[in-house]
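1. Return a 3D structure for these sequence lines:
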Amino acid sequence: MKCPQIPSDLLRSNSSRLLLNSETDLAFQSLLLDEKRAWLMVGAKDRVILLHLDSPNREPQEVKKIKEGMKHCRLAGKNPETECANFIRFLQRFNHTHVFACGTGSYQPVCAFIQLKAGAKVNFTHQRKKMQAFYPWISLLGFLDGELYSGTSTDFMGSNAAFFRSHLDRPEQNYIRTEQNQDDWLNEPVFIEAHAIPDTYSQEDDKVYIFFRETAVEAGQWEKRRIHARVARVCKNDIGGKHSLINRWTTFLKARLICSIPGLQGTETHFDQLEDVFLLQTRNIQNPLVYGLFTVSSGIFSGSAVCVYSLAAIRASFNGPFAHKEGFDYQWAEYKGRIPYPRPGTCPSETYDPFLQSTKDFPDEVISFMRTHHLMWDPIYPLHRTPVLIRVNVPFSIRHLLVDRVETKAGHVDVLFLGTDEGKVLKVGISDLEGRGSQEISLEEIQVSKVIRRLLLLLKPLRQELLVSTAKGLVQLSMYRCELYGKTCADCCLARDPYCTWDGKSCRAVTRAQCPNVLKTNPIHQCLDAAKGELGSTPMAEEKVIFGVQNNSTFLECHPPSPQTKIHWLVQRSNTIALEEKPLDSRFSILEQGLLINQLTQQDAGLYQCQGMDSSFSQTLTYYKLRIIGQQAMEAVTSRLGKNAETQGNHHSVTPVSGLQLPYKGYSWASGTNLVEFCNALQQRKRLRQKVWTSRWQQHPSESKKGRVRRQPGSSGREEGPV
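-> From the prediction side, this is the model:
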């Protein structure tokens, strides 16, 4: 196997390990981790791979190549490389000894049990259609309490999609699905995630929440094709209707998820392309937080955003008014008529009515209402009605999201791991999420792969590691790299990584961060040595001497230690005593990596300090002494070099230029007329030096050869002369 295109600096660090690599694109589709037994199962193209994490030298076990229906797929005109294959889209534990796996089967979906005993032995079950996607890139699967929930295309052409529930241990029992060919149920959906969430203390009230995006049926006929993000829900004990909606969901409701940036005069910029969902468990299992990743792309605007929703807001929408079509123009509006009992969408349970034993006991009025009223009128807004993270007009798009909650002394911080389509993992901290307003801090940006490909991410919370799949490999990353933040207490604390703290000697990882608030930390307080009463050892910035040429440009480099550090430049002129702010002059430009000064003048000479400001703490990062070489001095230098070149060309000799040892040689200069002449003179000077040595050898050949000794056999003396 050939090593994939993983950056060498990442592989050299102790915070990463290459688990799997291949010369070909394995097309990773799913990951299943067992941290206690330290194995990882990978679903890929035509294969399932088993990795032993505690034995890195042990060869991965490849479960029998699973190729199904390839001949039929190719005859149908599908692509043999990207479509006619068995993409293993679903891996989930069935019990202690078996894993349930499903694949696309070259447009003939198939599922199997993988037995985990001595090695990896595979036992296939019979095919179960309508349980898995026909298309390798469209599917949703969830295995909940022995039942398989799937959102998938149901035909070979991919024109009809549905949301199913099948009984894995009771295959003879009928499945439940959404109504087919009904756009108000589902309209070109792309399914993302499905999660079972309890509503009350009674299991009979448990519901399954489905997150997807679709073409909005409520959009006006004159509007452009509009995609909306959705969340739908069904009751886990829904078994369909008795006289109508037989084998169909009788509790299926859906609402719109809003993730937008508020603008002027009530306008909003919407992120409607739902890409990923992460359910963050809290202390109350009935109220987890829903993290949603959204994107938007248009001719003038593109970007990604993360919004966070509470289950209370989602439930409020489902308990609110319904939407329906009314009026002569048949427009969507809020339904204000009578709502039948029990309320549509309610699960049959003793909580609401002990006489309702199942959905088959629902009155016909309720079933009839549910056939035409699936959409809720009130949309669902995120916490604080604004995204917690926004990335717009950047050269990448975020495609995958994972969240880890870290408890600190001041509360908790949610750490987001974001996978981009250009092979990067972004690490971002979100603090004070449920307070007055969340705060975001960029912690790290890791280039995992040079291949532009969507990443699959998987958290290993017990070992605090992150699994990242690339196009041709699988990399294990540490969730923190504290040693990279610096060698001082201030640097460690200012990094604001909730996984890291200062232990008195180095920046290291702990379970609880020392800084009480990672977004409002002050190193002066956190790093104060109680015994000495002074700030820990902070090395002084080294003074650097820089030469600039009058009327040209120079660049003073300064790298901020962290993304949240703000850079300020202070200047002490040669004719002043005190430091002052950078002058408000168009010639001075503060760039991301330093200060650019155009059209240098003699008055620009002096001391330049680059200071990093973070909250109320500041430190000097770089210290420059800028000296200006005047225009007349440069002209004299270039003129003298030109004369030397002319003299050397006529007399084959050179005048010593010991007085021209220029300390500014080797610096990069901006292009200009005098600068070009100066550079040409330096090149001419180098060529003349070579000519000097050549001419010396030509003018004094006898002297140069004098003193050579040849030893003759039997001779003890020294013989001089030409050879």
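2. roughly how far out does the strand ranked longest in the chain sit from the chain middle?
-> Looking across the chain with DSSP state E, the single longest strand is strand 617-629. Taking Cα atoms, centre = their mean, to the nearest Å, the mean C-alpha location of strand 617-629 is offset from the chain mean by 34 Å.
3. And stretch 327-340, by the same measure?
-> On Cα atoms, centre = their mean, the centre of stretch 327-340 falls 43 Å from that of its chain.
4. quick one: least confident helix or strand in the protein?
-> Lowest by mean pLDDT, DSSP states H and E among the helices and strands of the chain is helix 701-705, with a mean of 44.
5. if we can go back for a sec, what about the longest strand of the chain, average pLDDT?
-> Across strand 617-629, pLDDT averages out at 86.
6. Run through the neighbouring helices and strands of that strand.
-> When contacts are defined as 3 or more Cβ pairs under 8 Å, 6 or more residues apart in numbering; DSSP states H and E, strand 617-629 packs onto helix 489-495, strand 543-549, strand 554-557, strand 606-614. All C-beta spots, glycine's among them, are computed from the backbone N, C-alpha and C.
7. now do 6 Å
-> strand 543-549, strand 606-614 (3 or more Cβ pairs under 6 Å, 6 or more residues apart in numbering; DSSP states H and E).
8. most packed of those strands?
-> strand 606-614 (a mean of 19; mean count of other Cβ atoms under 10 Å).
9. List the neighbouring strands of it plus their orientation.
-> strand 566-573 (antiparallel), strand 617-629 (antiparallel) (DSSP bridges).
10. Outside of the longest strand of the chain itself, list whatever touches it.
-> Contacts to strand 617-629, defined as Cβ atoms under 6 Å, 6 or more residues apart in numbering, come from residues 522-523, 541, 543-550, 556, 558, 600, 602, 605, 607-612.
11. now do stretch 238-257
-> 174, 176, 178-179, 228-235, 317-318, 345, 358-360, 367, 370, 374-376, 379-380.
12. Which parts of the chain are helices?
-> Secondary structure of the chain (DSSP state H): helices located at 8-12, 70-75, 311-318, 364-372, 489-495, 523-526, 631-651, 673-699, 701-705.
13. could you dump the third one to PDB, C-alpha only?
-> Spelled out, it's helix 311-318. Provided in PDB are the C-alpha atoms of helix 311-318 (Å, rounded to 0.1, in the frame of the first residue of the first chain):
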ATOM      1  CA  LEU A 311     -36.000  20.500  21.800                       C
ATOM      2  CA  ALA A 312     -38.300  22.900  23.500                       C
ATOM      3  CA  ALA A 313     -38.400  25.100  20.400                       C
ATOM      4  CA  ILE A 314     -38.900  22.100  18.100                       C
ATOM      5  CA  ARG A 315     -41.700  20.700  20.200                       C
ATOM      6  CA  ALA A 316     -43.300  24.200  20.400                       C
ATOM      7  CA  SER A 317     -43.500  24.200  16.600                       C
ATOM      8  CA  PHE A 318     -45.100  20.700  16.400                       C
END
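14. What's the separation between Ser449 and Glu275?
-> 19 Å (Cβ to Cβ, to the nearest Å).
15. cool, and Lys505?
-> 42 Å.
16. Which one of these two is surrounded by more residues?
-> Set Lys505 next to Glu275 and count neighbours by other Cβ atoms under 10 Å: Glu275 wins out with 21 against 8.
17. Can you check the pLDDT for the closest residue to Ala196 other than its chain neighbours?
-> Spatially, and ignoring its direct neighbours in sequence, Ala196 is nearest to Leu144 (4.7 Å; Cβ to Cβ, 6 or more residues apart in numbering). pLDDT for Leu144: 72.
18. Report how many residues lie close to Trp569.
-> 20.
19. Wait, it touches Leu595, no?
-> Yes. Between Trp569 and Leu595 there is a contact at 5.4 Å, judged by Cβ atoms under 6 Å.
20. any idea how far Leu458 lies from Glu275?
-> 17 Å.
21. cool, and Ile390?
-> 14 Å.
22. try Gln631
-> 58 Å.
23. related to what we said a few turns ago, so the residue nearest to Ala196 bridges to which residues?
-> Glu147.
24. repeat for Phe294
-> Leu274, Ala305.
25. I'd say it and His270 touch.
-> No. Counting by Cβ under 6 Å, Phe294 does not reach His270; the two are 8.5 Å apart.
26. Contact partners for Val637?
-> With Cβ under 6 Å, 6+ apart, Val637 has no contacts at all.
27. Against Arg627, how distant is it?
-> When Val637 is compared with Arg627 (using Cβ to Cβ), they lie 15 Å apart.
28. quick one: low-confidence ranges for the stretch 401-550 of the chain?
-> Within the stretch 401-550 of the chain, the stretches with pLDDT under 70 are 450-456, 511-526, 528-540.
29. Tell me where it has strands.
-> In the stretch 401-550 of the chain, the strands defined using DSSP state E, counting those that start in this stretch lie at 411-420, 424-431, 439-447, 456-460, 465-469, 473-478, 500-502, 507-509, 543-549.
30. Let me have the ones you listed in TSV, extended by distance to Asn21.
-> Formatted as TSV, the strands of the stretch 401-550 of the chain follow (distance: least, Cβ to Cβ, whole Å):
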stretch	distance to Asn21
strand 411-420	18
strand 424-431	18
strand 439-447	17
strand 456-460	15
strand 465-469	11
strand 473-478	4
strand 500-502	30
strand 507-509	27
strand 543-549	43
